[in-house]
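Q: Sequence and predicted structure, then a few things I'm wondering about:
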Amino acid sequence: MTTKKEILKYAFIQTLPVLFGYVFMGIAFGILLEEAGYNFVWALFISLTVYSGSMQFVLIGLLGGGMGIISMIILTLSVQCRHIFYGLSFIEKFKAMGKRGWYMVFSLTDETYSLLCGMKIPEELNKKKVFFAVAVLDQSYWVLGCTIGGILGSFIGFDTTGIDFAMTALFVVIFIEQWYSFPSHIPAIIGICCGTAALIIFGANAFILPALIASVCLLLLLKNTIVKQDDCQEACE
């Protein structure tokens, strides 16, 4: 019988890369929001209710721009539409989590999704509870960073040039961890190739959705091959 402490400890270790990325990015958001005229209370509220790094940074510009509700909804969908693909692969798992499943849907960010896909949870731990702990910890890091940034921004002036690279570094760390954790490198190679091709064809502002669609299609086509590679590697070990 595993304890909550063991589950929390495992989830915390798994989310350490997210901790550093989210806290620094959250601080950047809080500082920028403070510079836009909104104190740390707003940073806390937005990070609790919106909880979307890319959309929160876009929101800073929208707050004083007078954009209409319809336009804002369309913009939000265009920025966050990739999450549709994330949710599809976890529908059944989240349903099985009962009321906690609703929070899992809300909290499924890029980084949380990467962790949930890449973790090899020990058999003695409750998988549903580990998933929930990871999601809660990830949002806690983000809320903490945003709040700290809002507080610091009200007292100290910051040059935030380059701080957004923390998110790029976070994805690199997660990618490397998954590369070494899984026997088959086909999913990673597909992601690199589709992302690069979409970036060249569609440009930096519109490549995410085409890259995701292409990646999902190729993964579905090569699903059996990937599974066979994993099974063969596990048998050899």
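A: Received the coordinates, thanks. Numbers count the residues shown, from 1 in each chain.

Q: Going by C-alpha atoms from here, please, whenever you check contacts or count neighbours.
A: Fine.

Q: pLDDT value on W179, please?
A: According to the per-residue confidence, W179 scores 78 in pLDDT.

Q: List the residues that contact F207.
A: With contacts taken as Cα atoms under 8 Å, 6 or more residues apart in numbering, F207 has the following neighbours: 195, 198-199, 201.

Q: roughly how far apart are it and V227?
A: Between F207 and V227 the computed distance is 28 Å (Cα to Cα, to the nearest Å).

Q: Tell me which residues of the host helix or strand of Q139 come out buried.
A: When secondary structure is defined by DSSP states H and E, Q139 falls within helix 127-153. For helix 127-153, the buried set under the neighbour-count rule, 16 or more other Cα atoms under 10 Å, comprises 127, 129-153.

Q: that older thread, could you list which of the contacts of F207 belong to helices?
A: Where the contacts of F207 overlap with helices, as defined by DSSP state H, the overlap consists of 195, 198-199, 201.

Q: can you redo these as JSON lines with pLDDT?
A: Written out in JSON lines, the entries for the ones in helices among the contacts of F207 read as follows (pLDDT from 0 to 100):
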{"residue": "G195", "pLDDT": "88"}
{"residue": "A198", "pLDDT": "90"}
{"residue": "L199", "pLDDT": "91"}
{"residue": "I201", "pLDDT": "94"}
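
Q: JSON lines for those residues, including distance to V105?
A: As requested, these are arranged in JSON lines below (distance: Cα to Cα, whole Å):
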{"residue": "G195", "distance to V105": "25"}
{"residue": "A198", "distance to V105": "27"}
{"residue": "L199", "distance to V105": "28"}
{"residue": "I201", "distance to V105": "31"}
